[in-house]
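J.: Model the structure of this input:
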Amino acid sequence: MAIEDSVTVPKATPDLDSRKNRTFKIVNPNKINPVTKTPVSYNIHAPETTFLLSDPASTGHKRAEFAQHHVWVTKHKDKEFFAGGVYTAHNYGNVDALYNWINRKDPVENADPVVWLTYSLTHNVRIEDFPVMLVEILTLSLKPNDFFTRSPALDVPPSNQKFNQSRLIDGVRGCAAWYAACCNSPQA
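T.: Residues are numbered from 1 along each chain as shown. Got it, this is the predicted structure:
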């Protein structure tokens, strides 16, 4: 097994690849961990999803050019909020949106980067979704990497019985014993 680190910005960003267990890191090269001697960073753990399946000449594809890759990084600019442009449903491509911001090729190292995570979902219609699709769940996590000099979990105080009020009842521990002793006893 080997871990490969590579800088992908401002070059084209590779996409998530579950076969390689590829993840992305947001690195601050100016802050070094004193123990590992590596820069602090956040690992982005995100699901690998499909890309746009629509024809590149279609209106839907032109409105969602940002969905061609999983991760994009741009330099922060005021008023750049919407990956598909301000009025995504009304644009026909080539608008002030993420795809054009990427093409500026602004340097993002030692700047204020904006990390855009995009997920394309291919929705296969089910009868349960009619007339309203209730929800589609995706999970994303940002995990600190080399922020600490030791595990923060080592600083958790040990459990004490005064806090959680656990009791042994007739030498048996657990809810069943408590229920039997508490709730099945005759009322006085």
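J.: So for the top strand by length along the chain, mean pLDDT?
T.: Scanning the chain for the strand with the most residues, using DSSP state E, yields strand 24-32. Mean per-residue pLDDT for strand 24-32: 90.
J.: partners of the next helix or strand after that strand, with directions?
T.: Next along the chain after strand 24-32, taking DSSP states H and E as the criterion, comes strand 39-45. For strand 39-45, the paired strands and their directions (DSSP bridges) are strand 24-32 (antiparallel), strand 141-145 (antiparallel).
J.: how about strand 39-45: buried residues?
T.: 40, 41, 42, 44 (16 or more other Cβ atoms under 10 Å). (C-beta placed from N, C-alpha, C; glycine too.)
J.: Stretch 96-115 now?
T.: Under the neighbour-count criterion of 16+ other Cβ under 10 Å, stretch 96-115 has 97, 98, 99, 101, 102, 108, 113, 114, 115 buried.
J.: which residues touch the residue sitting nearest the centre point of the chain?
T.: Nearest to the geometric centre of the chain sits residue 140, at 2.4 Å (Cα atoms, centre = their mean). For residue 140, the contact set (Cβ atoms under 8 Å, 6 or more residues apart in numbering) comprises 44, 45, 46, 47, 117.
J.: Turn those residues into JSON lines, including distance to residue 153 and pLDDT.
T.: Converted to JSON lines, the contacts of residue 140 look like this (distance: Cβ to Cβ, whole Å; pLDDT from 0 to 100):
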{"residue": "44", "distance to residue 153": "22", "pLDDT": "87"}
{"residue": "45", "distance to residue 153": "19", "pLDDT": "84"}
{"residue": "46", "distance to residue 153": "24", "pLDDT": "81"}
{"residue": "47", "distance to residue 153": "26", "pLDDT": "80"}
{"residue": "117", "distance to residue 153": "27", "pLDDT": "86"}
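J.: Now tabulate those residues in a markdown table and tack on distance to residue 57.
T.: As requested, these are arranged in a markdown table below (distance: Cβ to Cβ, whole Å):
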| residue | distance to residue 57 |
| --- | --- |
| 44 | 32 |
| 45 | 34 |
| 46 | 29 |
| 47 | 28 |
| 117 | 26 |
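J.: Which member of those residues is positioned nearest residue 64?
T.: Ranked by distance to residue 64 (Cβ to Cβ), the contacts of residue 140 are led by residue 117 at 14.3 Å.
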